[in-house]
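Peer 1: just coords:
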């Protein structure tokens, strides 16, 4: 015999499930960004070890275009900074979602009289 939840509790439960889905999505985006960051840092490390006169290429869409050492280094440094800022934003977003989820869990427990 299943018990029907009060409408307010049902709404809070749905909101909680929504926050959990958002948290999972943010976590996946964060992991993807972290992987990109590792790749860019490895590329920057490799460039710093190459001869300044060496030919370097970068992707622009489906094309490989020749670039110089300084431009490649600047581009990678800018991308790394951008990814680090994105990671900070994901962390803050994840923290907000976590706090909202905890608040909803407490409210739901109070509604259902769960200690």
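Peer 2: Cool, got the structure. None of these values were measured; they are calculated from a predicted model.

Peer 1: helices or strands next to the stretch of helix or strand residue 107 belongs to in the packing?
Peer 2: Here residue 107 sits within helix 69-111, counting by DSSP states H and E. Here helix 69-111 touches helix 7-49, strand 56-60, going by 3 or more CB pairs under 8 Å, 6 or more residues apart in numbering; DSSP states H and E. Backbone N, C-alpha and C define where each C-beta goes, glycine included.

Peer 1: pick out the shakiest of the ones you listed, pLDDT-wise.
Peer 2: Lowest mean pLDDT within the helices and strands packed on helix 69-111: strand 56-60, at a mean of 90.

Peer 1: got a list of contacts for it?
Peer 2: Strand 56-60 is contacted by residues 47, 50, 64-69, 72, 75 when judged by CB atoms under 8 Å, 6 or more residues apart in numbering.

Peer 1: C-terminal to it, what's the next element?
Peer 2: Later in the chain than strand 56-60, the nearest helix or strand by DSSP H and E is strand 63-67.

Peer 1: list the buried residues of that following strand.
Peer 2: Going by neighbour count (16 or more other CB atoms under 10 Å), the buried part of strand 63-67 is residue 67.

Peer 1: mind checking how far it is from the chain centre?
Peer 2: Mean C-alpha position of strand 63-67 versus that of the full chain (CA atoms, centre = their mean, to the nearest Å) differs by 29 Å.

Peer 1: that strand to helix 69-111, inter-axis angle?
Peer 2: Relative orientation of strand 63-67 and helix 69-111, computed by axes from the mean of the first three to the mean of the last three CA atoms, to 10 degrees: 120 degrees.
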